[in-house]
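Asks: Pasting the sequence and the predicted coordinates here, then a few questions.
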Amino acid sequence: MTKRDFIGMEEWSPQEVDRLLDLAARVKAGGVAGGLERKVLAMVFLDPSLRTRSSFETAMFLHGGHALVLEPGKGSWTLETEPGVVMDGTGVEHLIDAARVLGRYADALAVRSFPKGPDWNVERDDRIIRNFAKYCDKPVINLESVRRHPCQGLADALTLKEKLGNPAGKKFVLQWAWHPKALPTAVPASAALAAAHLGMDITIAHPPGYDLDPADMKAIQSLAVLRGGSVAVSQNRAAALRGADAVYVKSWGAVSRFGRPDEERELRAPHRDWRMTDPGTSLVMHCLPVRRNVEIDDAVLDGPYSAVYDQAENRLHAQRALLLTLIGKSA
Amino acid sequence: MTKRDFIGMEEWSPQEVDRLLDLAARVKAGGVAGGLERKVLAMVFLDPSLRTRSSFETAMFLHGGHALVLEPGKGSWTLETEPGVVMDGTGVEHLIDAARVLGRYADALAVRSFPKGPDWNVERDDRIIRNFAKYCDKPVINLESVRRHPCQGLADALTLKEKLGNPAGKKFVLQWAWHPKALPTAVPASAALAAAHLGMDITIAHPPGYDLDPADMKAIQSLAVLRGGSVAVSQNRAAALRGADAVYVKSWGAVSRFGRPDEERELRAPHRDWRMTDPGTSLVMHCLPVRRNVEIDDAVLDGPYSAVYDQAENRLHAQRALLLTLIGKSA
Amino acid sequence: MTKRDFIGMEEWSPQEVDRLLDLAARVKAGGVAGGLERKVLAMVFLDPSLRTRSSFETAMFLHGGHALVLEPGKGSWTLETEPGVVMDGTGVEHLIDAARVLGRYADALAVRSFPKGPDWNVERDDRIIRNFAKYCDKPVINLESVRRHPCQGLADALTLKEKLGNPAGKKFVLQWAWHPKALPTAVPASAALAAAHLGMDITIAHPPGYDLDPADMKAIQSLAVLRGGSVAVSQNRAAALRGADAVYVKSWGAVSRFGRPDEERELRAPHRDWRMTDPGTSLVMHCLPVRRNVEIDDAVLDGPYSAVYDQAENRLHAQRALLLTLIGKSA
């Protein structure tokens, strides 16, 4: 029996993802009770979280299970993440051992680990989440890694389906926004994959130099084509937004200047006007946390076209479906 | 349907508070099972806690529910608390968004936020707890804000009823104590409100310059009068303690020197003798944590008149009653 | 009625420990459901943890109970641990009060507190865990103190029984290993006590100057003799390992240089070759976290003779048995 991980949405078949989304909708409607009795989810947070932690902990509880929350370097031991090293430095426990041990206590393991840099060619292999999956013999769930945030992607897809009816063929714009820091690309890649899964016509709009990693672009493109949609890239914000059914506002750092924060800041500096001030009648999406009046204006977030709180709520329901699928009694 | 918050005891009618206290007594006696099945309480701690966290987490569990514990700036994102700002600084997530999102996952939200200074005229508006209540569409419970600690007040009232029989007309002394730090006034105000609710004759004893905020004094006075009690203020510790049925020992900083720690320390310095060394036969109360042999002597805390551990235990029962009332199955 | 604490394995009678181990085996085999409904375990971590926290939290949950996790100095108040002091320093809450209050909320209290030095003659009294036990009127469980880690010892004994059949008379080697830091002696003492309980022939192998505390040696010796085993000490690693049925690899600091880290490092420096590279056919044990390729090589940890993940898993089952025994419905 092979165990199942959930690291990137595109690693599951579209049919499996559709089943997850259908189950999420049924769960949200109140149609599924229990299913996780005596089940334990171990969550390892190498980076902070509000929604992810709260929604997973709630999801486990609502179905009779329990979520353990561990924070290496804070309440639990500092992790060494590189296999094969001589551990005479600061890492107290090896990821390999944490993964194996937690697999003995829990029914699934969930991990958050943002890029720690400085070399994108190393980071892009997403080794921490991949090694947790390799060394843990229970299902591993990605709570946002360097490359993917698939639970956010599931919630985004569920939200798009709720708000747009059939999203296929509708226009989805992933719009870069200015932000005081160079953020990871896991969310924009995962949001575009979610729209691709839904067969939407995707436009990715960003200033020069902010292209997503080529492998991510290829994954988005392949899935879009497979599902009857399309992908375009634009450096013209106004033109890109025209006719959008949904605009996903999100900041990310320039992959080409990864690990060189001064150069990245310089590249980013002229683009403070990449900010959502007026969505017209398009749905406005964001994964949260959002920098108010920097990425999106108060009036937009608090206005009638904002889907951001529904997205956040849908994290809960999408994850209930995911957990029931991976470790539920009938799974 | 309006949602109900619990921010200050005096914001609920005396009849409602009486019902809470009656339910707390029944809960403590073991007469209430379940009632919070599938209910989630999200707790946001902007400051440390032992009793509050443990007693709420236990309360939820004992009735079938679950408490989420979040610590912004530690495990979860640093919060920006001021509405309307351009978030290009250090705050990663806005309180508005945290309040709304947690309201999607949880059935109630509980928040601890001490004064962060330096301006009392700003702090006294208690904006953080008020804004959580404003932006969250689920009941918000105050776990100690700048101005109030109403769960402590409930536990204090329950303890006074248990220990004094009918407390009405008995003498309650709120006695200031020296402490190495200038502490908030939420607990003394809430303890006096609890005694006022019970119709006690209250004496507030403190050195010159340690008057509570005038609005707090007014609230205490109004409630005392309404409930048949009275309020006096004294700067003579020995005289104030004479004939006391219960002495609530508590340190607090001078509101008049709020945000000017050097001046406050100077005002406080001559009063190390404001320390409870011998209670006679009066009940001795304290909210804990207590500075042993600074606020109250070991012999008093560990002696026969100490009610401090019963107060701490009653946090649990008072909060079980509060939670059952706010979000219980039959609520 | 006297309450029962679990601070050192040797403080329970061998018959009681045997009953715990038998129950642990039955629990592991799936033969015990429930038993901790509405029970709360309060866990106080003065030091980090992965296994201990996860396995206790899981143990409580699997039998219907709940574990509270508190971290003084982080989420909860900084503790003053010395009775009788005038608390005008940095400690906000006294251990006495924390112990009493948690005893009001929880059915048992569990505490982790490593040595904080610098004087072994003070530390060896293990005052923090002893004072928690003294001031809390509920059972206190040691999650690793200065002198003992009895839950690890239980798990080790369970593992030895599983792997060796009847361990009595078999050879158990406790082998010191080099490590970049001077670690506590609680685990080696507790592992040797576990082997002594099982009636094994124990060899403790370490470089000159790394003798365990004489009182620990005496406790190990007494228990070994009582149970039909023996204890030898060796400074010859190769000779000690010859014919071993099980080798427990573990680093510890020199008690004789406790609190003088520079001198201790100098004593330790020449012994980097005390490292497990090839166990032959003996079982290899370690409590984890392990410094890979420093204490034990990757090939050994990941090889066929490694028992370390079973030991870690057995923490869960041993603790389920302990909790059921101390606070279970039928206890």
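Replies: Sure, I can see it.

Asks: And the strand or helix carrying residue A:15, how far out from the chain middle?
Replies: Element membership for residue A:15, per DSSP states H and E: helix A:14-28. How far helix A:14-28 lies from its chain's middle: 17 Å, per Cα atoms, centre = their mean, to the nearest Å.

Asks: as a whole number, average confidence for that helix?
Replies: Helix A:14-28 shows a mean pLDDT of 98.

Asks: what about residue A:188, which SS state?
Replies: helix (DSSP: H, G, I helix; E, B strand; the rest coil).

Asks: elements contacting the biggest helix by length in chain A?
Replies: Taking DSSP state H as the criterion, chain A has its longest helix at helix A:308-327. The contact analysis (3 or more Cβ pairs under 8 Å, 6 or more residues apart in numbering or on different chains; DSSP states H and E) places helix A:308-327 against helix A:14-28, helix A:51-62, strand A:108-112, helix A:150-164, strand A:283-285, helix B:95-105. Placement of C-beta: from N, CA and C, glycine included.

Asks: Need the mean per-residue confidence for that helix.
Replies: 98.

Asks: Give me the local confidence score for the closest residue to residue A:253 other than its chain neighbours.
Replies: Distances taken as Cβ to Cβ, 6 or more residues apart in numbering or on different chains place residue A:182 nearest to residue A:253, at 2.7 Å, with adjacent residues excluded. Reading off the confidence values, residue A:182 has pLDDT 96.

Asks: Is residue A:182 in contact with residue A:267, as I believe?
Replies: No - Residue A:182 is not in contact with residue A:267 according to Cβ atoms under 8 Å; the separation is 9.2 Å.

Asks: Spell out which residues are contacts of both of those two.
Replies: Shared contacts of residue A:182 and residue A:267 (Cβ atoms under 8 Å, 6 or more residues apart in numbering or on different chains): A:254, A:257.

Asks: Of these two, give the one with the bigger neighbour count.
Replies: residue A:182 (22 against 19; other Cβ atoms under 10 Å in any protein chain shown).

Asks: tell me the contacts of the most centrally placed residue in chain A?
Replies: Geometric centre of chain A, nearest residue: residue A:149, 1.9 Å, by Cα atoms, centre = their mean. Going by Cβ under 8 Å, 6+ apart, residue A:149 touches A:142-143, A:186-187, A:190, A:287.

Asks: Could you report the distance from residue A:152 to chain B?
Replies: Distance of residue A:152 to chain B, given as Cβ to the nearest Cβ, to the nearest Å: 13 Å.

Asks: count of neighbours near that residue?
Replies: Neighbours around residue A:152, by other Cβ under 10 Å: 27.

Asks: swap in residue A:281?
Replies: Counted by other Cβ under 10 Å, the residues lying close to residue A:281 total 8.

Asks: Need the three-state assignment for it.
Replies: Under three-state DSSP, residue A:281 comes out as coil.

Asks: Give me the distance between stretch A:163-182 and the centre of its chain.
Replies: 14 Å.

Asks: Using CSV, list the CA coordinates for that stretch.
Replies: Only the C-alpha atoms of stretch A:163-182 are listed here, as CSV (Å, rounded to 0.1, in the frame of the first residue of the first chain):
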residue,chain,number,x,y,z
LYS,A,163,-18.8,32.6,-6.8
LEU,A,164,-18.7,32.1,-10.5
GLY,A,165,-20.9,29.1,-11.0
ASN,A,166,-19.0,27.3,-13.7
PRO,A,167,-15.6,29.1,-13.9
ALA,A,168,-14.5,27.3,-17.1
GLY,A,169,-13.7,29.9,-19.8
LYS,A,170,-14.0,32.8,-17.4
LYS,A,171,-11.2,35.3,-17.0
PHE,A,172,-8.9,34.9,-14.0
VAL,A,173,-6.2,37.5,-13.4
LEU,A,174,-3.3,36.9,-11.1
GLN,A,175,-2.1,40.4,-10.3
TRP,A,176,1.2,41.1,-8.7
ALA,A,177,1.1,43.8,-6.0
TRP,A,178,3.8,45.8,-4.3
HIS,A,179,4.7,44.8,-0.7
PRO,A,180,7.4,45.9,1.7
LYS,A,181,9.0,42.5,1.6
ALA,A,182,10.0,40.0,-1.1
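
Asks: Please determine how far residue A:253 is located from residue A:147.
Replies: 14 Å (Cβ to Cβ, to the nearest Å).

Asks: Quick check: neighbours shared by these two?
Replies: In contact with both residue A:253 and residue A:147: residue A:185, using Cβ under 8 Å, 6+ apart.

Asks: which parts of the stretch 1-150 of chain A sit against chain C?
Replies: A:38, A:40, A:42, A:66, A:68, A:70, A:72, A:74-77, A:80, A:83-89, A:92-94, A:96-98, A:100-102, A:104-106 (Cβ under 8 Å from any Cβ of the partner chain).

Asks: Weed out the non-buried ones from the residues you listed.
Replies: A:40, A:42, A:66, A:68, A:70, A:72, A:74-77, A:80, A:85, A:87-88, A:92-94, A:96-98, A:100-102, A:104-106 (16 or more other Cβ atoms under 10 Å in any protein chain shown).

Asks: Show me which positions of stretch A:268-280 end up buried.
Replies: Neighbour counts over stretch A:268-280 (16+ other Cβ under 10 Å) mark A:268, A:271, A:274-276, A:279 as buried.

Asks: Least confident of the residues you listed?
Replies: residue A:279 (93).

Asks: who are the neighbours in contact with that residue?
Replies: A:247, A:300, A:303, A:305.

Asks: Taking those together, which two end up most distant?
Replies: Greatest spatial distance in the contacts of residue A:279: A:247 and A:303, 12.8 Å, computed using Cβ to Cβ.

Asks: what is in contact with the two at once?
Replies: Joint contacts of residue A:247 and residue A:303 (Cβ under 8 Å, 6+ apart) are A:279, A:284.

Asks: So, low pLDDT: which residues of chain A?
Replies: A:1, A:331 (pLDDT under 70).

Asks: How about whatever residue of chain A ends up closest to chain C, nearest residue that isn't a chain neighbour?
Replies: Nearest residue of chain A to chain C (Cβ to the nearest Cβ) works out as residue A:93 at 3.5 Å. Distances taken as Cβ to Cβ, 6+ apart put residue C:289 closest to residue A:93, at 3.5 Å, once the chain neighbours are dropped.

Asks: wait, is that neighbour part of a strand?
Replies: No - secondary structure assignment (three-state DSSP) places residue C:289 in coil, not in a strand.

Asks: Make sure it is actually in contact with residue A:96.
Replies: No - look at residue C:289 against residue A:96 with Cβ under 8 Å: they stay out of range, at 11.0 Å.

Asks: which residue packs closest to the residue of the stretch 101-250 of chain A found nearest chain B, ignoring adjacent ones?
Replies: Nearest residue of the stretch 101-250 of chain A to chain B: residue A:180, at 4.8 Å (Cβ to the nearest Cβ). Using Cβ to Cβ, 6+ apart and skipping residues adjacent in sequence, the residue nearest residue A:180 is residue B:88, 4.8 Å away.

Asks: and the residue of chain A closest to chain C, what does it touch?
Replies: The contact partners of residue A:93, taken as Cβ under 8 Å, 6+ apart, are A:72, A:76-80, C:50, C:288-290.

Asks: any idea how far it is from residue B:33?
Replies: Taking Cβ to Cβ, one finds residue A:93 at 41 Å from residue B:33.

Asks: How about residue A:10?
Replies: Residue A:10 is 48 Å from residue B:33, by Cβ to Cβ.

Asks: Excluding sequence neighbours, find me the nearest residue to residue A:227.
Replies: Per Cβ to Cβ, 6+ apart, closest to residue A:227 is residue A:199, 4.1 Å.

Asks: got the residues of the stretch 101-250 of chain A near chain B?
Replies: Residues of the stretch 101-250 of chain A lying near chain B (Cβ under 8 Å from any Cβ): residue A:180.

Asks: picking that back up, of the buried residues of stretch A:268-280, just say which sits nearest to chain B.
Replies: Distances from chain B to the buried residues of stretch A:268-280, taken by Cβ to the nearest Cβ, are shortest for residue A:275, at 10.1 Å.
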